[in-house]
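J.: Sequence isn't available, so here's the structure alone:
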C-alpha cells in the first residue's frame, strides 16, 4: 500500500501494509491502482497554480509536495501566516488536503510540513535546529534503507543524529546524512529550480560580468520591461503579474513580484513598480542572469480615445491602486460591494479595488449607517413598550440618553439558510443621544414572542 487517506489511517492501516491484510482489517476498503505518472502531472499542475498565485519561485517536491520560496512575495498576501492559511484553505476548497510550513531552508520546511501535527507552522529565523530535533529521522529525506539502518543502531530522532560526531557516521553511511543535516539547518545551500509554464511570456538577460549596484539593476530592469512589453503587444496581452528573478554567482536565486489590478503594458509604469522593490534584493557577490516573466497575462487591445468637450474624462486611479497594493498587499486594498441580503452583516462583501460594477445596489427606504460594526455589540437599555425605542442605553460602559429615535424597521432573517432563523426577527431603530451622535440599534425579537429572539438589545452601526 503506497498511500492512505486520513480515514484509513484512523482505521489502523498504514503505508507499506499488504493490500490483502488491509482489506481483511477494513471490509469494503476502496482500493485504487497507483498511477505515478498521473500523480506527477497533478503535482506539476499544482506547482503552476502556486506559481501564478503564490510566489515566483515554485518547484515540485515529489512525490507529494511543493517547495516555494516566498521571499519578497509574502507581503502581497497579508504576511506569512495569512499566506499559509489562505493557501491551505484554497487547496481544501479544491478537495486537496494540505499542510504547510515556512522555515529557513527547504529541508526544514519539508520536514515540518510532513511530520508536524499542525496544519500550518512558521519556524522563526535561526530556530530550525530546535524545531527539527524532536522529529523522526525519516524527515531528513534520507533513503528508506539508510533510515532502517540508523534505526537498527538506535537512532530515532533528528536531535540524536545532530549530537553525534560526523566522522563515524560518514565512514559507515557515507556523506548523505551530513549533507541532509546541513541542508536542513541552512548551513548548505539547496537551490530551487523553479517550474516555468510552457506558454509564459518572459525575457532574459545574461551578463558577461556580474552586476550588483542598484542603479545598474534598475537600468537593466527598464530594458527587460521594454522587451517584455513588445512581446506582450505582439500577442495582444497585458501583464497582471510580473516576476523578476535574479540568479547570483553563488547559484542562489532571488525574486521580486508585482501585480496590477488591470492588464498593463506601460513600460514606465511597470518599470517603476519593479524598481520600487529593488532595495529588497541582496545581490551577494553579483547577479549573473535576470529573467522577467509575465506569469499572469490577460488580453489587452488598443482603445480609441474619444474627445469630448462636454464630459470630463474619467479619472484613471489604477496606477495609484497598483502602487498601494504592491506596498501593503492585495488583500489590504479593497472596497465594499452590495450583496443581496436583508441581514445587514451579510449585505456587504469585500471586492478588489477596481472590480467592475455589476449593477447591484442596496434596496429599501430605510437609511443604513456608513459604519457597520464587525459584530453587533450587546447594550443595556430600558424601553417602555415593544414598538418603542429605548429611553436610554449603555454601550461600552457609557450611558447615553436617547433624545430622538426613528423606527422600528423590522428585518426577518434568512430562514432558508438555517433552522434557527425560521422565526427570528430584528427591530432596528435609529437613535440620537444628547450629544448629537446617532446610532443604529436593534432588539433581537419582536418584544413579545420568545421564539423570535432573545429580546436583548444590540448596537450594530454608527451614523455620521
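T.: Right, received. Where do you want to start? Just so you know, these numbers come straight off a predicted model, no measurement behind them.
J.: where's the nearest residue to residue 197 once chain neighbours are set aside relative to residue 95, distance?
T.: Residue nearest to residue 197 in three dimensions, not counting chain neighbours: residue 48, with 5.6 Å by Cβ to Cβ, 6 or more residues apart in numbering. C-beta: built from backbone N, CA, C; applies to glycine. Distance from residue 48 to residue 95, counting by Cβ to Cβ, to the nearest Å: 18 Å.
J.: which one of those two has more residues nearby?
T.: residue 48 (17 against 6; other Cβ atoms under 10 Å).
J.: sec struct for that one, please.
T.: Look at residue 48: counting by DSSP: H, G, I helix; E, B strand; the rest coil, its state is helix.
J.: can you pull out the strands in the stretch 1-150 of the chain?
T.: Along the stretch 1-150 of the chain, counting by DSSP state E, counting those that start in this stretch, strands occupy 57-61, 65-69, 100-102, 120-122.
J.: list the helices and strands the second one packs on?
T.: Packing contacts for strand 65-69, counted by 3 or more Cβ pairs under 8 Å, 6 or more residues apart in numbering; DSSP states H and E, involve helix 36-53, strand 57-61, helix 106-115.
J.: helices and strands around the second one, which ones?
T.: It refers to strand 57-61. So strand 57-61, by 3+ Cβ pairs under 8 Å, 6+ apart, packs with helix 36-53, strand 65-69.
J.: Pop the domain breakdown of this protein in here.
T.: 52-184, 201-299, 371-463 (automatic domain parsing).
J.: Quote the end-to-end distance of stretch 138-146.
T.: Using Cα to Cα, to the nearest Å, one end of stretch 138-146 lies 9 Å from the other.
J.: list the buried ones in that stretch?
T.: 138-142, 146 (16 or more other Cβ atoms under 10 Å).
J.: follow-up on the earlier one: quick one: which of the helices and strands packed on strand 65-69 is nearest residue 317?
T.: helix 36-53 (24.5 Å; Cβ to Cβ).
J.: now the helices and strands packed on strand 57-61 as CSV including distance to residue 414 and mean pLDDT?
T.: CSV is the format used below for the helices and strands packed on strand 57-61 (distance: least, Cβ to Cβ, whole Å; pLDDT from 0 to 100):
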stretch, distance to residue 414, mean pLDDT
helix 36-53, 32, 89
strand 65-69, 39, 92
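J.: most neighbours per residue, which of these?
T.: Across the helices and strands packed on strand 57-61, averaging neighbours per residue (mean count of other Cβ atoms under 10 Å) puts strand 65-69 on top, at a mean of 22.
J.: Output the below-cut-off pLDDT ranges for the stretch 251-400 of the chain.
T.: 302-314, 364 (pLDDT under 70).
J.: Please enumerate the helices of it.
T.: Here the stretch 251-400 of the chain has its helices, by DSSP state H, counting those that start in this stretch, at 267-275, 318-328.
J.: and among those, the most buried is which?
T.: With a mean of 19, the top stretch among the helices of the stretch 251-400 of the chain by mean neighbour count (mean count of other Cβ under 10 Å) is helix 267-275.
J.: elements contacting that helix?
T.: helix 214-235, strand 237-248, strand 253-264, helix 318-328.
J.: JSON lines please, covering these and showing distance to residue 73.
T.: Formatted as JSON lines, the helices and strands packed on helix 267-275 follow (distance: least, Cβ to Cβ, whole Å):
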{"stretch": "helix 214-235", "distance to residue 73": "17"}
{"stretch": "strand 237-248", "distance to residue 73": "9"}
{"stretch": "strand 253-264", "distance to residue 73": "5"}
{"stretch": "helix 318-328", "distance to residue 73": "11"}
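J.: Go through those and name the closest to residue 59.
T.: Ranking those by proximity to residue 59 (Cβ to Cβ) places strand 253-264 first, at 10.6 Å.
J.: what's the offset of the closest one from the middle of its chain?
T.: 16 Å (Cα atoms, centre = their mean, to the nearest Å).
J.: Now render the helices and strands packed on strand 57-61 as TSV, adding distance to residue 178.
T.: Listed next are those as TSV, based on distance: least, Cβ to Cβ, whole Å:
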stretch	distance to residue 178
helix 36-53	29
strand 65-69	21
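J.: out of the ones you listed, nearest to residue 229?
T.: Taking the helices and strands packed on strand 57-61 one by one with Cβ to Cβ, helix 36-53 is closest: 19.7 Å.
J.: how many other residues sit next to residue 25?
T.: Residue 25: 13 neighbours (other Cβ under 10 Å).
J.: what pLDDT does it get?
T.: For residue 25, the model assigns a pLDDT of 88.
J.: do the same with residue 176
T.: pLDDT at residue 176 comes out at 93.
J.: my read: it touches residue 146, true?
T.: Yes. With contact defined as Cβ atoms under 8 Å, residue 176 counts as touching residue 146 (6.5 Å).
J.: so who does residue 23 touch?
T.: By Cβ atoms under 8 Å, 6 or more residues apart in numbering, the contact set of residue 23 is 29, 31.
J.: Can you tell me the closest non-neighbouring residue to residue 205?
T.: Using Cβ to Cβ, 6+ apart and skipping residues adjacent in sequence, the residue nearest residue 205 is residue 290, 4.9 Å away.
J.: now residue 405
T.: residue 389 (3.6 Å).
J.: can you tell me how far that neighbour sits from residue 401?
T.: Counting by Cβ to Cβ - residue 389 and residue 401 are separated by 12 Å.
J.: Could you work out which of the helices of the stretch 251-400 of the chain reaches nearest to residue 89?
T.: Between those, helix 318-328 lies closest to residue 89; by Cβ to Cβ that is 21.0 Å.
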